[in-house]
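Peer 1: Just the structure for this:
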Amino acid sequence: MTRSPFRWPTRTQYSPVAQDARTAKRSMQTTHTRTEDVPNPRSSQGLAERGERRSVLRRVLLALVGLLAAAGCSDGGSYTVERTRTARASDPPVIPGITTAERFGWRPQPGEEGRAQMTPQRPPAPPPLIADLPEAWERVPETQFRQINTRVAASPEAECYLTFLPGDGGGDLANVNRWRSELALAPIDAAAVTGLPRTQLIGQPALRVDFTGNFTGMGGQQIAEARLLGVLLTRPNMPGALFVKFVGPAAVVAEHEANFDSFVGSVRLNENAAGVDANPTSSAGLTWQVPPTWTAETAPRSMREVTLTKGKCELYVSVLGGGGGGVLANVNRWLGQFDAPSLGVEGLAALERAPCLGGEAVLVTAEGAFGGMSGAKEGGMGLLGAVLEQPSRLVTVKLTGPAAEVAAERANFLSFLASLAEAP
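Peer 2: Numbering: from 1, shown residues only. Next comes the predicted model:
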């Protein structure tokens with residue numbers, strides 16, 4: 001194939017104004033080249049003509065680009081861009097194992113290279129519960145479910161730890177049988193759980209278990225001929241459940257059984273922890289004196305200004321605004337929880353009174369099967385309550401527990417009632 005010699009185009013070869021792309025294309029196809037010799041490009045005339053030709057070519061190419069772009073619009077209409085979008089760099093890849101500082105691009109300050117923390121951190125908050133560490137035991141780092149975590153230094157497989165769970169943690173029966181299953185033991189029924197021995201944990205009666213068997217932990221660790229000592233405190237009227245568990249080779253656990261009991265007895269509230277008051281004495285504009293041998297709960301409870309406990313007895317104060325339904329309605333509500341008959345106005349007037357907050361509170365007593373808010377009935381329970389109506393509120397003080405224990409605490413109840421006062 002023979003190519004024709006290259007010739008510079010002249011002005012006459014292209015129409016300076018084209019109507020559309022088709023016209024421009026046809027113009028290019030039908031034009032012809034001039035056969036005259038091209039001047040010497042290095043001469044002044046050649047330079048001038050070459051510059052003019054380049055200028056013509058530039059204008060023609062620009063026009064052609066515009067025409068071709070217009071031809072790409074099938075309807076020949078105009079368009080307005082109403083939305084703009086700014087492109088951004090793609091997200092960085094996810095790299096397993098990198099630190100938070102590396103993920104977010106933090107860099108150490110000068111002189112801090114090699115430090116694990118990029119910025120100073122606050123010191124850890126004091127734990128709400130503390131315990132004394134027995135000799136020959138050592139602390140290990142806490143985990144999600146081990147608020148206090150220890151082990152026997154000479155036998156690291158023998159572990160003892162404390163766990164706090166909200167609510168009742170599943171109850172005594174479920175947790176006792178969970179521990180038994182870890183030792184490949186058959187479950188027991190509620191009656192057997194009721195017959196288990198008791199001990200004290202943070203001043204409250206708690207179950208104590210002692211099981212032996214082949215242990216398999218949640219992480220798969222196995223101990224042949226293991227022994228498990230445990231203490232469970234799971235009461236429906238508490239804000240949470242406490243568990244202390246000591247498990248290891250039977251011989252090691254036997255050697256440290258006294259240390260375990262000492263450890264359990266030393267568990268207590270940390271008065272230095274944020275928000276912990278070991279003996280709250282005021283709330284809702286009221287103050288009071290906690291009777292000796294009674295314990296005030298530190299965790300807030302709905303509809304309660306304070307909750308006191310001793311053994312299986314519970315006492316709490318409620319303040320209801322707007323009259324709270326009145327004295328008679330609240331007295332009958334309590335009586336209904338014991339399946340006792342309701343009182344009328346005359347029966348209410350005959351009830352005993354006791355001094356409280358500068359007035360006289362109505363006292364109400366009952367014995368029988370008590371259901372409480374949960375509705376589950378327990379026999380042999382007692383009630384000693386007080387209701388005081390004031391112009392803008394109703395103050396109630398309610399003591400429940402085994403009937404004999406409630407009767408034994410009557411003097412402390414009346415002393416507590418008399419100690420209630422308006423906060424200064």
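
Peer 1: name the helices or strands packed onto whichever strand or helix holds residue 366?
Peer 2: Using DSSP states H and E, residue 366 maps to strand 359-370. In this structure, strand 359-370 packs against helix 327-337, strand 353-356, strand 378-390, strand 393-402, with contacts taken as 3 or more Cβ pairs under 8 Å, 6 or more residues apart in numbering; DSSP states H and E. Placement of C-beta: from N, CA and C, glycine included.

Peer 1: in its sheet, what does that strand sit against?
Peer 2: Sheet pairing here is set by DSSP bridges, and for strand 359-370 it gives strand 353-356 (antiparallel), strand 378-390 (antiparallel).

Peer 1: deepest of those, which one?
Peer 2: Most buried of the strands paired with strand 359-370, by mean neighbour count (mean count of other Cβ atoms under 10 Å): strand 378-390, with a mean of 19.

Peer 1: just to revisit the earlier point, of all the strands paired with strand 359-370, which lies closest to residue 334?
Peer 2: strand 378-390 (5.5 Å; Cβ to Cβ).

Peer 1: Just the CA coordinates for that closest one, please, in PDB.
Peer 2: Written as PDB, here are the backbone C-alpha positions of strand 378-390 (Å, rounded to 0.1, in the frame of the first residue of the first chain):
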ATOM      1  CA  GLU A 378     -42.900 -18.600 100.900                       C
ATOM      2  CA  GLY A 379     -44.500 -19.800 104.100                       C
ATOM      3  CA  GLY A 380     -43.700 -18.800 107.700                       C
ATOM      4  CA  MET A 381     -43.000 -15.200 106.800                       C
ATOM      5  CA  GLY A 382     -43.700 -12.100 108.800                       C
ATOM      6  CA  LEU A 383     -44.500  -8.400 108.100                       C
ATOM      7  CA  LEU A 384     -43.900  -5.300 110.300                       C
ATOM      8  CA  GLY A 385     -44.700  -2.100 108.400                       C
ATOM      9  CA  ALA A 386     -45.300   1.600 109.000                       C
ATOM     10  CA  VAL A 387     -47.200   4.100 106.800                       C
ATOM     11  CA  LEU A 388     -47.100   7.800 107.400                       C
ATOM     12  CA  GLU A 389     -49.200  10.200 105.400                       C
ATOM     13  CA  GLN A 390     -47.900  13.800 105.000                       C
END
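
Peer 1: Let me see the domain layout of the protein.
Peer 2: Taking automatic domain parsing as the domain assignment, the record places the domains of the chain at 129-269, 282-422.

Peer 1: TSV please, covering those and showing mean pLDDT.
Peer 2: Output for those, formatted as TSV (pLDDT from 0 to 100):
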stretch	mean pLDDT
domain 129-269	90
domain 282-422	88
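
Peer 1: coming back round to it: quick one: closest of the helices and strands packed on strand 359-370 to residue 285.
Peer 2: Checking those against residue 285 by Cβ to Cβ gives strand 393-402 as the closest, at 9.2 Å.

Peer 1: following the closest one, which helix or strand shows up next?
Peer 2: Next in line after strand 393-402, if elements are assigned by DSSP H and E, sits helix 403-408.

Peer 1: what angle sits between whichever helix or strand comes after that following helix and strand 393-402?
Peer 2: Going down the chain from helix 403-408, the next helix or strand is helix 410-419, by DSSP H and E. Here helix 410-419 runs at 160 degrees with respect to strand 393-402, directions being taken by axes from the mean of the first three to the mean of the last three Cα atoms, to 10 degrees.

Peer 1: So for helix 410-419, what gets flagged as buried?
Peer 2: If you call a residue buried by 16 or more other Cβ atoms under 10 Å, then helix 410-419 has these buried ones: 412-414, 416-417.

Peer 1: ok, the helix or strand that it is followed by: who's next to it in the sheet?
Peer 2: Per DSSP H and E, helix 410-419 leads on to strand 421-422 as the next helix or strand towards the C-terminus. Each strand paired with strand 421-422, and its direction, by DSSP bridges: strand 286-287 (antiparallel).
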